[in-house]
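Engineer: Give me a 3D structure for the following:
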Amino acid sequence: IMPNVKLLEAKLKNEYYNVLCAYSGAEALDVIQNERPDLVLLDVMMPEMDGFEVCRRIKENPETEHIPVVMVTALTDSADRVNGLEAGADDFLTKPLDDVALMARVRSLVRLKMTMDEWRARENTATSLGVIDGGADDARKQEPANVLLIEDQDFEAEKIQQTIESDGHMVSVASSGVEALDLINHYLFDVIVMSLDMDHDNDDDGLRFLSHLRSNDKTRSVPILMVSQDDSQKIARGLEIGAHDYIVRPVDKNELRARLKTQIRRRRFQEKLKANYEVSLSMALTDTLTGLFNRRYLNVHMEKLLKAEGERRKSIAVLMFDIDHFKAVNDTHGHTVGDEVLKGFSNRIKGRLRSFDILARTGGEEFVAVLVDVPLEKACYIAERLRRSIAEDPFPASTEEGELSVTTSIGAVYLGTDIAEIDDVLDQVDKHLYEAKEGGRNQVVFADKGKLEPDDYREAPRLKVGE
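Structural biologist: Numbers count the residues shown, from 1 in each chain. Reported below is the predicted structural model:
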C-alpha cells in the first residue's frame, strides 16, 4: 500500500492539493473525523477494515456524511463498483489510475463539496439564529424522481428507461437536443441522464450540449449523469464542464441504479438546504403572525430609498399606525382575538396600498407604511382613507358578536426628495403619532399640517400634470 499512497500523494500535490495520508481504515476514520477533508480517496483493500466498511462509516456519521468519497481498487467486477456505490461512495476508480480521469473527478467533487458546504453554512447560521430548527436531514429517503433521458439510440434508450423506472422513477425520453430543450421548458427535472455519443456531425456536440445545460437557468443546478464510451478524455472534459457523474457503456443496470440513487439523494439534500435557507431568510425579514416585513427589513429598505440620488430619488411619505386601546382588546378578549385583529388590520391596510409601497409591523400593535413617489396631498388623502377603512368596518373575531371594532391613530411625515436620516424620520413620525393619540385617537396628524380634518379628504385630490 505504501508505494501506491506515496505515488497518489505526489500526483495530487503536483496539482496543488493539500494531502493527508492514512494507512489503515481506523487511521483513516480518525483523520477524517479530526481534519474534515474536502474529498476522500479510499482504497478498497486495506488491513483490519476494508474500504467498503470505512466508506459506510463515513456516510453514517452526520458530521462526515457530506464528504465525497472516491473508492480506488484493482477490482474490475461491476458488482464491486455497485457495492462501493451502495456503501455511499461517490465514484469508483480502477487501478492503474488514469491521471486525466482522476484529476477531473477530484476537481468535480471538490467543487461540488464547496457548493454544499456553502448551503450548509447558511443553514447553520439560520439555525443558530433560531429562525429554523435545522435539519436538511433525511436525504437518504428516496422519493420518486423526475428524470430526463437524452439518448438517440432506441434500444439503449429503452434499456436505460426500463432500469430507471424499475426503481419507481418517472422518465421522459428525448432523442435529440431540440426535444430535450422542449421538455426542459415545460417540466422540472431532478436528474438528467444524457448520452455523450449521440450521432452528431461533430464529436464535441455532446459536450457542447452539456455546456448549454449548465448555462441554462432551468438546468444549471440539476445533476447530470453522462453515458459514454470508455473515453477518459471526453469524460474528463464533461466533468470539467459541470457534469456530476458518468457511467461507461455497456451500461450495467445495477451500477446505473446505484449512481442515479446517489445523484437523487444529493439533489434532495441540496433542495432541502436551499428551502431551509429561503425559509430562514423569509423568517428573518418578515413578521411571523402577519406576514408583513419586520423592522429589520424596513430599516434596510428605507436606508436605500433615502440614499438614492438623481432620478432614482423618489418623493417619500412615512405613516406610523398604532391600534387604539389594543391592550384592552387583549385583556378583555384574550390574545387569540388580539392576534385576529392584528392579522385583519395588516391585511386591510396592505390591501389598500400599492404593490410597491412597503408595510411593516414594527412592534406589538405598531405598523409603518412607506409611500413612494406620491405628492403631499395624495399622501394625506391616503392616510385619512386608511384611518377611515379601519374605523368604519369591524373585524371578524372570536367574540360573542363574531366581530370587533377598533380604530387607529396615525402619525405621518412627508419627506418629498429632502435628504434625511432614517432615525430622524422615524423619531418625527413617532412624535406625530403620539400627538394623534394624545389628541383623542382615531385621527391622523401630519407633519407641518397638524391634525387632518376627515371631511377635507373624502375625495381624492385633483393633481396637477406631472404630480
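
Engineer: May I have the residues that are in contact with residue 404?
Structural biologist: Residue 404 sits next to 329, 333, 337, 340, 341, 394, 395, 397 when contact means Cβ atoms under 8 Å, 6 or more residues apart in numbering. (Glycine included, C-beta is placed from N, CA and C.)

Engineer: One more pass at 10 Å, please.
Structural biologist: Neighbouring residues of residue 404 by Cβ atoms under 10 Å, 6 or more residues apart in numbering: 329, 332-333, 337-338, 340-341, 344, 394-398.

Engineer: Spatially nearest residue to it, not counting backbone neighbours?
Structural biologist: residue 397 (4.2 Å; Cβ to Cβ, 6 or more residues apart in numbering).

Engineer: Correct me if wrong: that neighbour contacts residue 345.
Structural biologist: No: Residue 397 is not in contact with residue 345 according to Cβ atoms under 10 Å; the separation is 11.2 Å.

Engineer: Give me the common contacts of these two.
Structural biologist: With contacts taken as Cβ under 10 Å, 6+ apart, the residues that reach both residue 397 and residue 345 are residue 406.

Engineer: hmm, back to that, narrow the contacts of residue 404 to just the buried residues.
Structural biologist: Among the contacts of residue 404, those buried by neighbour count (16 or more other Cβ atoms under 10 Å) are 329, 333, 337, 338, 340, 341, 344, 394, 395, 397.

Engineer: In strands, which of those residues appear?
Structural biologist: Judged by DSSP state E, the buried ones among the contacts of residue 404 include residue 395 as members of strands.

Engineer: Taking the centroid of the chain, which residue is nearest it?
Structural biologist: When Cα atoms, centre = their mean is applied to the chain, the residue found nearest the centroid is residue 274 (3.2 Å).

Engineer: That one belongs to a strand, doesn't it?
Structural biologist: No: with DSSP: H, G, I helix; E, B strand; the rest coil as the criterion, residue 274 is helix rather than part of a strand.

Engineer: any idea how far it is from residue 102?
Structural biologist: When distance is defined by Cβ to Cβ, to the nearest Å, residue 274 is 30 Å away from residue 102.

Engineer: With residue 359 instead?
Structural biologist: Residue 359 is 57 Å from residue 102, by Cβ to Cβ.

Engineer: ditto for residue 7
Structural biologist: Counting by Cβ to Cβ - residue 7 and residue 102 are separated by 11 Å.

Engineer: Same question for residue 230.
Structural biologist: Taken as Cβ to Cβ, the span from residue 230 to residue 102 is 15 Å.

Engineer: Of these two, which one has the most company?
Structural biologist: In terms of neighbours (other Cβ atoms under 10 Å), residue 102 is the more surrounded of residue 230 and residue 102; the figures are 21 against 10.

Engineer: Which residue, other than its chain neighbours, is closest to the more buried one?
Structural biologist: residue 93 (6.4 Å).

Engineer: Likewise for residue 70?
Structural biologist: Residue 70 sits nearest to residue 91 (Cβ to Cβ, 6+ apart), 4.6 Å away.

Engineer: got a list of what the one you found touches?
Structural biologist: Residue 91 is in contact with 41, 68-72, 81, 84-85, 101-102, 105-106, 108-109, 239, 245-246, 259, 262, counting by Cβ under 10 Å, 6+ apart.

Engineer: next one: phi and psi at it?
Structural biologist: Residue 91 has phi and psi values of phi -160, psi 170 when expressed as degrees, to the nearest 10.

Engineer: same check, this time on the one 5 residues further on
Structural biologist: According to degrees, to the nearest 10, the main-chain angles of residue 96 amount to phi -70, psi 140.

Engineer: heads up, I number from 392, so please use that
Structural biologist: Sounds good: first residue 392 from here, last item residue 487.

Engineer: got the contact list for the closest residue in space to residue 596 that isn't next to it in sequence?
Structural biologist: Leaving aside its sequence neighbours, residue 596 sits nearest to residue 589 (Cβ to Cβ, 6+ apart; 7.1 Å). Residues in contact with residue 589, defined by Cβ under 10 Å, 6+ apart, are 541, 542, 543, 544, 566, 567, 568, 596, 597, 600, 618.

Engineer: Put together TSV for those, with distance to residue 806 on each row.
Structural biologist: Shown next, in TSV, are these (distance: Cβ to Cβ, whole Å):
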residue	distance to residue 806
541	57
542	62
543	64
544	68
566	62
567	59
568	55
596	59
597	59
600	54
618	62
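
Engineer: Return the item of these having minimum pLDDT.
Structural biologist: Lowest pLDDT within the contacts of residue 589 is found at residue 596 (79).

Engineer: What is the burial count for it?
Structural biologist: By the measure other Cβ under 10 Å, the count of residues near residue 596 is 14.

Engineer: How about the one 3 residues further on?
Structural biologist: By the criterion of other Cβ under 10 Å, residue 599 has 12 neighbours.

Engineer: all helices for the stretch 492-641 of the chain, in order.
Structural biologist: For the stretch 492-641 of the chain, the helices defined by DSSP state H, counting those that start in this stretch occupy 545-556, 568-577, 596-606, 623-632.

Engineer: Looking at those helices, spot the one closest to residue 742.
Structural biologist: The closest of these to residue 742 is helix 568-577. By Cβ to Cβ, the value is 34.5 Å.

Engineer: Mind giving me the packing neighbours of the closest one?
Structural biologist: Packing partners of helix 568-577 (3 or more Cβ pairs under 10 Å, 6 or more residues apart in numbering; DSSP states H and E): strand 537-541, strand 561-565, strand 582-586, helix 596-606.

Engineer: can we see that at 6 Å?
Structural biologist: Under the contact criterion of 3 or more Cβ pairs under 6 Å, 6 or more residues apart in numbering; DSSP states H and E, helix 568-577 touches strand 561-565.

Engineer: next one: phi and psi at the nearest residue in space to residue 507 that is not next to it in sequence?
Structural biologist: Leaving aside its sequence neighbours, residue 507 sits nearest to residue 457 (Cβ to Cβ, 6+ apart; 5.7 Å). The phi and psi values for residue 457, taken as degrees, to the nearest 10, are phi -90, psi 0.

Engineer: same check, this time on residue 680
Structural biologist: Here is the backbone geometry of residue 680 (degrees, to the nearest 10): phi -70, psi -50.

Engineer: Could you measure from it over to residue 572?
Structural biologist: Distance of residue 680 to residue 572, computed by Cβ to Cβ: 44 Å.

Engineer: Give the residue from those two that has the larger number of neighbours.
Structural biologist: Using other Cβ under 10 Å as the criterion, residue 680 and residue 572 rank with residue 572 on top: 18 against 12.

Engineer: related to what we said a few turns ago, just checking, the residue nearest to residue 493 is part of a helix?
Structural biologist: No: assessed with three-state DSSP, residue 484 is strand; it does not lie in a helix.

Engineer: So it sits against residue 463, correct?
Structural biologist: Yes: counting by Cβ atoms under 6 Å, residue 484 does reach residue 463; the two are 5.2 Å apart.

Engineer: so which of the helices of the stretch 492-641 of the chain comes closest to residue 775?
Structural biologist: Residue 775 lies closest, by Cβ to Cβ, to one member of these: helix 568-577, at 49.2 Å.
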